[in-house]
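Student: Requesting a structural model of the entry that follows:
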Amino acid sequence: MRNTARTRMTLAVATAALITLGAEAATANAAPAAADPAPAPAAPAALVLPVADAVSPIPTATPIDAQTDINNALNQAGNEFMLAATVGTMAGGVVGLVAGCAIGAVVGMIGGCIPGLGIGAAVGPILGGVIVGVPAGLAALGQAYATLHAAGEISAPLPAMP
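Tutor: All right, here's what the predicted structure looks like:
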C-alpha cells in the first residue's frame, strides 16, 4: 500500500510538470518565420521597364518604444509565473489530500484520515504553488531580462534630462 501512494504522488508531480512544460511551450514567443529557401528568379532585362524620375524613398527606422517592450516582457513573465503557480497549486492540492490521508491513517490520530486530509488540503496547494511557480517565474524573468538586454533596452543609459 505504501508503494502505491508513493507511485501516485510521483505520477501527480510528473503530470504537473508536464502540464507546466506544455503551458510554457504554448505561451512562449513564436519562432521567427523561416526565409524562403530559393529566391525568386529575376526578370529578364528586356522585360524591365526603365524608370526615369521615380526614386524610392529610403525607409526610415521606426522608433523603439522601450517602455512598451518592458511592459510586454513583464506581462509575459507574470503570465508564465501565474500559469505555473496555478498548475502547482492544483497538483499540490491533490498530492496534499492523498498524502495527508495516508499520513493521518498511519499516525492513527483521532478520526484517522480526516484530519490528515484537512492538513494536506491546506499545506499541499501552498507548497505546490511555490515549488512549481517560483522556478518558472524566475526563468521567465531571466528570459525577459535577456531579451530586453539583447535589444539594448535595459542596458542603454537613460538620456539626460534638460
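
Student: out of all of them, which helix in the chain is the longest?
Tutor: With residue count as the measure and DSSP state H as the assignment, the chain has helix 66-107 as its longest helix.

Student: what's that one packed up against?
Tutor: Identification of packing neighbours for helix 66-107 by 3 or more C-beta pairs under 8 Å, 6 or more residues apart in numbering; DSSP states H and E yields helix 2-27, helix 113-150. Glycine gets a C-beta too; all of them are placed from N, C-alpha and C.

Student: mean pLDDT lowest for which of those helices?
Tutor: Mean pLDDT is lowest for helix 2-27 among these, at a mean of 60.

Student: ok, back up a step: what angle separates the longest helix of the chain from helix 113-150?
Tutor: Angle of helix 66-107 versus helix 113-150, following axes from the mean of the first three to the mean of the last three C-alpha atoms, to 10 degrees, is 160 degrees.

Student: State the number of residues packed around the closest residue to A84 other than its chain neighbours.
Tutor: Using C-beta to C-beta, 6 or more residues apart in numbering and skipping residues adjacent in sequence, the residue nearest A84 is A136, 3.3 Å away. For A136, the count of nearby residues is 22 (other C-beta atoms under 10 Å).

Student: Next one: A136 from I126, what distance?
Tutor: 16 Å (C-beta to C-beta, to the nearest Å).
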